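> pasted the sequence and its predicted model underneath.
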Amino acid sequence: MTDSKYFTTTKKGEIFELKAELNSDKKEKKKEAVKKVIASMTVGKDVSALFPDVVNCMQTDNLELKKLVYLYLMNYAKSQPDMAIMAVNTFVKDCEDPNPLIRALAVRTMGCIRVDKITEYLCEPLRKCLKDEDPYVRKTAAVCVAKLHDINAQLVEDQGFLDTLKDLISDSNPMVVANAVAALSEIAESHPSSNLLDLNPQSINKLLTALNECTEWGQIFILDCLANYTPKDDREAQSICERVTPRLSHANSAVVLSAVKVLMKFMEMLSKDLDYYGTLLKKLAPPLVTLLSAEPELQYVALRNINLIVQKRPEILKHEMKVFFVKYNDPIYVKLEKLDIMIRLASQANIAQVLAELKEYATEVDVDFVRKAVRAIGRCAIKVEQSAERCVSTLLDLIQTKVNYVVQEAIVVIKDIFRKYPNKYESVIATLCENLDSLDEPEARAAMIWIVGEYAERIDNADELLESFLEGFHDESTQVQLQLLTAIVKLFLKKPTETQELVQQVLSLATQDSDNPDLRDRGYIYWRLLSTDPVAAKEVVLAEKPLISEETDLIEPTLLDELICYIGTLASVYHKPPSAFVEGGRGVVHKSLPPRTASNESVESPETAPAGAPSNEQPDVIPTQGDLLGDLLNLDLGPPVSGPPLATSSVQMGAVDLLGGGLDSLIGGPNFVAPPAAAVPANLGAPMGSGLSDLFDLTSGVGTLSGSYVAPKAVWLPAMKAKGLEISGTFTRQVGSISMDLQLTNKALQVMTDFAIQFNRNSFGLAPAAPLQVHAPLSPNQSVEISLPLNTVGSVMKMEPLNNLQVAVKNNIDVFYFSTLYPLHILFVEDGKMDRQMFLATWKDIPNENEAQFQIRDCPLNAAVPEVSSARSVPTRVPGL
Amino acid sequence: MSEVVSFKLSVRQSTGHSNCGVLTAFSAASASVRRGPGAESLTGPGLGKMIHSLFLINCSGDIFLEKHWKSVVSQSVCDYFFEAQEKAADVENVPPVISTPHHYLISIYRDKLFFVSVIQTEVPPLFVIEFLHRVADTFQDYFGECSEAAIKDNVVIVYELLEEMLDNGFPLATESNILKELIKPPTILRSVVNSITGSSNVGDTLPTGQLSNIPWRRAGVKYTNNEAYFDVVEEIDAIIDKSGSTVFAEIQGVIDACIKLSGMPDLSLSFMNPRLLDDVSFHPCIRFKRWESERVLSFIPPDGNFRLISYRVSSQNLVAIPVYVKHSISFKENSSCGRFDVTIGPKQNMGKTIEGVTVTVHMPKVVLNMNLTPTQGSYTFDPVTKVLTWDVGKITPQKLPSLKGLVNLQSGAPKPEENPSLNIQFKIQQLAISGLKVNRLDMYGEKYKPFKGVKYVTKAGKFQVRT
């Protein structure tokens, strides 16, 4: 007899029948009925209608029946909150049961019932269970605190459960410790400021001791928690590393990867000359390799992480190339990842092996994989110069196979090889040209055309070849059209006599018959260049091209460092910082690698140099490439939020928080002076008899200024980080309008055009009010001053620090990111006037707990600053409301 | 709904004023950004660690079991999974991590079933994958197989197990020893007895191991015959190139133990050549310090079957390859046939017999049929999947097994570019190919004399020969 019988139904209405059975007098029948209900639940049938009947079965001494009813309750309590209350008494009673199993079961189930009303009944039993004599109950109760916190955080704080939970970290039973750590980390995650997991050398020591004894899952929680700690010096870092290394031999791969994260992070603090540093490097390789012999799903996650590790510390796996060789029956997602890592590890020492493998892969069946393999060969050529020749000949072999997609991929990568090693491999052009007809993908066609144009002087029939493409000009994709236009112009400049007709033909095709503005513009530019100054045209069109970089797809170093802190998490799988895809919440907590300290400098406290903290002087270059772009362009998971109403209230929020938290640090910055006019309200007439009236009685020295303080321009984006574009700027406020004054300087060797600017969502919804207007192309060593008007109706997201602004600037070369801090006064209105009634009403609306009192002594009354004896708040207005 | 919305709400609550920004000493402002309960917006913190829900899906795409640890998530979330599955074409190629607008789906594929978990927060994916595999292992352990039929037949036990294994995202009990005390595995006898007497299969006392510092072992174990058996199983993963030289080879080894010893035995297992083991993963019962200092495996074992260690002997050391393959597979240009000739023979087999040999070849798509003659064993060719399987059996060095014959190709189709790889399976009893040898097993803490035994076996893992 099996459980499948529970799935059979009669025609008479299943629910009706079950109801009758649940209310049966016979115990056995009841149990069978509950089992049927559970069986329906497992296949997603809605059996919530039976709620009261199932709850009635709860009071029983049969543990199995009790468990089944509890299972049911957890599923449906949320949809039936009033009914759920019916169960409370039984829960409370069960929490007193002599059997620890039942006590634990009751407190655990109660926590799973996410109904607000039930929580007040939960507190007392939970408090008892947290101090239960039985560790099984204690460890269950620890988790329950996290559940309760999720439902009602305030309650948990008020009831002092957090302190009890902290005490459990010192529990004698390691499983209790592990669960307490897990619960605390989950709670801490939801409010990062709370400093719940007060990590200090003592508590770290406790955690490390518990690490050796608790279950594998507990070890993961503890290791993840350790990873958030910053040791005070390299000695402490080393001693923690020593105690974590044995975890690398754990059978559970999640434990291994969490240990790797701790080690990778703390290694940052160790000096490279240290013997221990080398030992640690050696110890890291085997466990990483072992992960690759696990199930394919585990392999995939491991490979994504290894990809990061290899970029950060290539030395760890440099001798392990072979384990990344692809087996033909690996799942495709594993194959592609392995290939990526193979290229990263490719070096002069192993290039022969790698190439032999890649060539093998290029004959496999899976098209995506084959394409990537062919591309990989090209990347090897670019990365390892000594191998270029061999790579080229391998690619030629592949072209000989005449397999269509292989040929096309090969041609695309050969173009890159030509760019990296100009004038070296032109002999292969003849072979390439043979395949001209088989190219049907735009990228391959464009690459081929580029090659023909670039080497037009060495290809006798270049004109014929290009002419053949010209026939179907309008059916080509834009990429090919643009390339063809340029190639023919190149050809003309090289062999003017024979190709005049051709060039005229392409120019007229591009300018007169095309709807594509890019193509038309380019056509006109060439046309005018050619007609006005052929010499200049030659200089422009045949200019020497900048070299292409050796590594492709490298993750930007700051992002990489952040991702290293997230090894083993989803962020590491997606290679994006959590803020880029976890909406809100964690977005504000940026993790960063600890700074390297030597023991002799250990007097310095680690807080003095937090690696990722933005500083006022040096604007940070925003870490991410394309990933953050999504964020910048508001391509979030949720629907885009914008519009004044939302912005309004959030702006307030920002102001409130900001001025409570960091007023001093923000306004008291070194080169920033808060304008007096903005912060103090103007005179409002008749004095009042209380201390409050003083606030309104400021007659002198307060006027409405037409403009406010303007900080000198600072360099926001240094040229070396932005391929030659230097941006410096400042913020100003002039008669109610905010603007961002920018100076763009071109320090590169090429002309910059197509400027555009975009802001990331920020605390006050700052956004450009008009597009960035750079009228003329910016030629090398030229600067241009622009004033960009801003408004505050953009999307809002709280930033850390509050006045942080992340900016993306685009030009014809690339997209660059930087962040800067804007002075708060640009947000304040010049006229701080506020009606008295309104002020008082506002005053009352602020809860009393937000009141701070302080005295200002020895303050001469004749100065512009008033004596404030009891200040609840200084009201001001935030503009843009 | 997004973060901004709750942002707004909390501002309303804290100032109660929507018209004017107010300067105040407001210390708890950042705390009020916290998301209120019941917010439907996902991926925020604190909404349930780890696995929110689990769906079991069979190969034909039916969801046949769902379990929710928090609130109920609609089955429709699986549509994203089905979409990915469709794109992947082959079931094995479905990516293990899929992102959807509000959730992440992390899945494993085991025994023709998909275990799809729904995740709402940033969690370690390995944690989830390991856990899912553990769930599958537990089903296998309880029901003898991890199949749709077995799960459906025991759906109540499955539900009880899942509930026992995970609480609010924290794995609770995943050790088979403990689970079996909490929930007894079904046996034919028990289900008959249960149905007659009305007793249940849920244990009503707390498992003893849960509390102790050795959570993997239950107390009060008693056997009349005390036995300890170890299986040293090594698998060779290798890629051999056309010319027969080794591109890559390594040994994946495990020592599985079957321990039936009364009381609290404390065991020490030592090896003749422990230096071979430089890359090892241990069962939690092993005392790491003793291994580090003395290279001895010292442990109090769980009761029953478990994996003591797994290890890898890396490609840096020379790995012996016990078989060689001579092959010639050729397709003629512009003709609808080709030749196939494969011979397999022993090499570096340390004088042991190679048995259980199977050769599997995925032939190119243009192959219509194969007409072969084996000198030994039998072969099948599936014209749909294009898989050739040759069941060879034992290799006798005197007469090497071979498989020869003609390949019929689709006429007119171009000759296949790719040459198929040969996948080879074999088994060698009484040999650990790495040379690993157990020296002795000592038992402390108990007085009786146990039976002891060690078995060695070497198998082919992912062993492929390129042609």
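Structure's in. What do you need? Residues are numbered from 1 along each chain as shown, chains lettered A, B, ... in the order given.

> excluding its backbone neighbours, what's nearest residue A:37?
Setting aside the residues directly before and after it, residue A:37 is nearest to residue A:47 in space (C-beta to C-beta, 6 or more residues apart in numbering or on different chains), at 5.2 Å. C-betas here are computed from N, CA, C, even on glycine.

> who are the neighbours in contact with the one you found?
Shown here is residue A:47, whose contacts under the criterion C-beta atoms under 8 Å, 6 or more residues apart in numbering or on different chains are A:15, A:18, A:37, A:40-41, A:72, A:76.

> sec struct for residue B:310, please.
Classification of residue B:310 using DSSP: H, G, I helix; E, B strand; the rest coil returns strand.

> alpha carbons of the helix or strand encompassing residue A:449, as CSV, please.
Secondary-structure assignment from DSSP states H and E places residue A:449 in helix A:442-454. What follows is the C-alpha trace of helix A:442-454 in CSV, where atoms were taken according to Å, rounded to 0.1, in the frame of the first residue of the first chain:
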residue,chain,number,x,y,z
PRO,A,442,27.0,40.8,-40.8
GLU,A,443,29.9,40.7,-38.4
ALA,A,444,31.9,38.4,-40.6
ARG,A,445,31.1,40.4,-43.7
ALA,A,446,32.0,43.6,-42.0
ALA,A,447,35.3,42.1,-40.8
MET,A,448,36.1,40.9,-44.2
ILE,A,449,35.4,44.3,-45.8
TRP,A,450,37.5,45.9,-43.1
ILE,A,451,40.4,43.7,-44.0
VAL,A,452,40.0,44.4,-47.8
GLY,A,453,39.9,48.1,-47.2
GLU,A,454,42.8,48.1,-44.7
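
> helices or strands up against it?
helix A:404-420, helix A:429-434, helix A:462-470, helix A:478-494 (3 or more C-beta pairs under 8 Å, 6 or more residues apart in numbering or on different chains; DSSP states H and E).

> can you give me the angle it makes with helix A:404-420?
Our comparison of helix A:442-454 with helix A:404-420, counting by axes from the mean of the first three to the mean of the last three C-alpha atoms, to 10 degrees, yields an angle of 40 degrees.

> average pLDDT across helix A:442-454?
Within the predicted structure, the mean pLDDT of helix A:442-454 is 89.

> what residues does that helix touch?
Helix A:442-454 is contacted from outside by A:407-409, A:411-412, A:414-415, A:418, A:429, A:432-433, A:436, A:439, A:459, A:462, A:465-466, A:469, A:476-477, A:479-480, A:482-484, A:486-488, A:490-491, using C-beta under 8 Å, 6+ apart.

> select only the buried ones of those in PyMOL?
Here the buried members of these are turned into a PyMOL selection, burial being counted by 16 or more other C-beta atoms under 10 Å in any protein chain shown:
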select buried, chain A and resi 407+408+409+411+412+414+415+418+429+432+433+439+459+462+465+466+469+476+480+482+483+484+486+487+488+490+491
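
> is chain A contacted by stretch B:413-432?
Yes. Legend: contact between stretch B:413-432 and chain A by C-beta under 8 Å from any C-beta of the partner chain is shown at B:417-419, B:421, B:423.

> quick one, what contacts residue A:494?
Taking C-beta under 8 Å, 6+ apart as the criterion, residue A:494 is in contact with A:456-457, A:542.

> ok, and of these, which contact chain B?
Okay, of the contacts of residue A:494, nothing touches chain B (C-beta under 8 Å from any C-beta).

> looking at neighbours, which among these is most surrounded?
Going through those with other C-beta atoms under 10 Å in any protein chain shown as the criterion, the one with the most neighbours is residue A:456, at 22 neighbours.

> so it touches residue A:496, yeah?
No. With contact defined as C-beta atoms under 8 Å, residue A:456 and residue A:496 do not form a contacting pair (11.3 Å).
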